[in-house]
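# Structure of the sequence below:
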Amino acid sequence: MAGAAALGAMVASGAVAPLEPGATADTTNFQTTETGTQAYSMPVATLDAIQSALFAKGRDGMHQLWVVAPSMLGLWGRGPTSNAEMCADCHDNNGRGAVPETPDDALSSMLVRLSVTGADAHGGPLPHPDYGGQLQHQGILGQVPAEGEAVVVWKSSTVALADGTRVDLRAPDLRFRRLAFGPIGPDTLLSLRLAPALVGLGLLEAVPEETIAALADRDPGDGIHGTMNRVWDIDAQRRVLGRFGLKANQPTLRQQIAAAFHEDLGVNSELFPYENCPPVQKACRRFPPGGRPELTPDRLDALTFYMHARAVPQRRDSADAEVVRGERLFTQINCAACHVPTLRTGAGAAAPQLANQVIHPYTDLLLHDMGAGLADGRPDFAAGPRDWRTPSLWGMGLARSVNGNGFLLHDGRARNAEEAVLWHGGEATPARDRYAALDAPARAALLRFLDSL
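Residues are numbered from 1 along each chain as shown. Predicted structure coming up:
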């Protein structure tokens, strides 16, 4: 099957369910009514005793302090260079990261990816020869120097909507200081990244590949054409579908977690057994590891299950007239072409509770060209310099109640949903322009709908 016919057949068979105005997720096992700081952290209600114990171990792992040997304050293994000391440093309450407002503010839950022109042996980004794939702003005092610091200076602009309303936008200007190994270089490909919210990841992993392929094969209009990334799976030792990361550059939750430990905390694992120490970083290369592996398989398994088994926040106010109108507008201006409201998980899920569930994540898990305004200029496997994976929208209305951070887009430039919409370009330009043409009450209804998710 091909094109729209394939998706239509999947809808007819129940593989993909159509959107119904005001619909809420019917996967009650994966809903929580929590709306406070723990809205992204509640376990699935149907976990058995063994699963509950594994969930608790994974939750503890999110808050585990990693230290440099021989400190007795936490687990050995952090470094020699790193960006954080625990997962929760960047994902407070499993929520979004914070954005620096002035050049004096450190990147506390943001990072900078680095690469140079070319590709590695598996088709992924080629790391910077002196700084690796990610700038590390922490070292080991007196023993291993930090690589340097990145700072953000915000540049403002203004756009006018059809009714004359003016909206202030901002974009980051990335700068570096205290670089330990020479200039980054003008040809280096840079990507500023904000820590995303960790919502419904196990359910997204359980969506069958054929569903995602059907979404890529359809024609939703407006010149939209989502593509699948093909990335290296370390366990499988082959290229497979990518679905995690801002450019869909990781194939599984397990590998995504191990990569974050490796790149953010400097902690090795079976998947990433060696430290981030480019040849020029002599002190880094000499520093002994805290073990091999530092992140043991049982800890990695527990963290992976914790990511799988957290409940998705339940929608709020779905019967409210303004919310219902906003949901219809969301579909009418074609936002739903990429932010697909309804998917179904498959039988081969990581946990029985995840299987064969109708879910409402508002994503197609595909890459889309988002235009020059959002381009980072940095390819990642099949993802081009202007491509980003459609982020899921479920839970976005609770972001600020979770940890105070409601920043959106890959680099946190959008301070609210309206700014995020107005930054859309490329394939999303027609939908953005339709939003800009709405009158104020219609825009308010659409934003109210997004806040209900």
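
# mean confidence for the biggest helix by length in the chain?
In the chain, assigned by DSSP state H, the helix with the most residues is helix 49-62. Averaged over helix 49-62, pLDDT sits at 98.

# got it, and stretch 439-446?
Per-residue pLDDT values over stretch 439-446 give a mean of 98.

# Point out where this protein drops to low pLDDT.
Low-confidence segments of the chain (pLDDT under 70): 1-29.

# sorry, back to before: and the longest helix of the chain, how far out from the chain's middle?
For helix 49-62, the gap between its own C-alpha mean and the chain's C-alpha mean amounts to 22 Å (CA atoms, centre = their mean, to the nearest Å).

# can you list contacts of it?
41, 43, 47, 86-88, 91, 94, 299, 301-307, 309, 351 (CB atoms under 8 Å, 6 or more residues apart in numbering). Every residue, glycine included, has its C-beta placed from N, CA and C.

# at 7 Å instead, please
With contacts defined as CB atoms under 7 Å, 6 or more residues apart in numbering, helix 49-62 is touched by Pro43, Leu47, Cys87, Ala88, Arg299, Ala302, Leu303, Phe305, Tyr306, Ala309.

# Same question for that helix: list its buried residues.
Neighbour-count burial for helix 49-62, counted by 16 or more other CB atoms under 10 Å, picks out Gln51, Leu54, Phe55, Lys57, Gly58, Arg59, Gly61, Met62.

# Arg193 is in contact with His410, isn't it?
Yes: at 6.0 Å, Arg193 and His410 qualify as touching, with contact defined as CB atoms under 7 Å.

# who touches both of the two?
Leu246.

# Quick one: the strands in the stretch 351-453 of the chain, in order.
358-359, 367-369, 387-389 (DSSP state E, counting those that start in this stretch).

# Of all the ones you listed, which one is nearest Ala106?
strand 387-389 (25.2 Å; CB to CB).

# what packs against that closest one?
Using 3 or more CB pairs under 7 Å, 6 or more residues apart in numbering; DSSP states H and E as the contact test, the elements touching strand 387-389 are strand 367-369.

# got a list of contacts for the strand it packs on?
With CB under 7 Å, 6+ apart, strand 367-369 has contacts from 224, 226-227, 229, 247-248, 338, 383, 386-390, 426-428.

# Try it again at 10 Å.
Contacts to strand 367-369, defined as CB atoms under 10 Å, 6 or more residues apart in numbering, come from residues 216, 223-229, 242, 247-249, 337-338, 375, 380-390, 424-429.

# which residues of the stretch 201-350 of the chain fall in strands?
For the stretch 201-350 of the chain, applying DSSP E, counting those that start in this stretch gives strands covering 229-233, 238-242, 312-313, 343-344.

# just these: most buried one?
strand 312-313 (a mean of 27; mean count of other CB atoms under 10 Å).

# excluding its backbone neighbours, what's nearest His63?
Excluding its sequence neighbours, the residue lying closest to His63 (CB to CB, 6 or more residues apart in numbering) is Ala88, at 5.0 Å.

# Doesn't the one you found lie inside a strand?
No: counting by DSSP: H, G, I helix; E, B strand; the rest coil, Ala88 is not part of a strand but helix.

# what sits against it?
Taking CB under 10 Å, 6+ apart, one finds Arg59, Gly61, Met62, His63, Gln64, Leu65, Asn94, Gly95, Ser109, Asn403 in contact with Ala88.

# just curious, which of the residues you listed is nearest to Glu34?
When these are compared against Glu34 (criterion: CB to CB), the nearest one is Asn94, at 11.6 Å.

# State the number of residues packed around the closest one.
25 (other CB atoms under 10 Å).

# from memory Gly185 sits against Ser115, does it?
No: using CB atoms under 10 Å, Gly185 makes no contact with Ser115, being 11.3 Å away.

# the more surrounded of those two?
Ser115 (22 against 12).

# State the distance from that one to Val324.
Using CB to CB, to the nearest Å, Ser115 is found at 45 Å from Val324.

# got the end-to-end distance for stretch 354-374?
End-to-end distance for stretch 354-374: 34 Å, by CA to CA, to the nearest Å.

# and what of stretch 402-415?
Stretch 402-415: ends 16 Å apart by CA to CA.

# got it, and stretch 388-404?
Stretch 388-404: ends 25 Å apart by CA to CA.

# ok now it, how far from the chain's centre?
The answer for stretch 388-404 is 10 Å, by CA atoms, centre = their mean.
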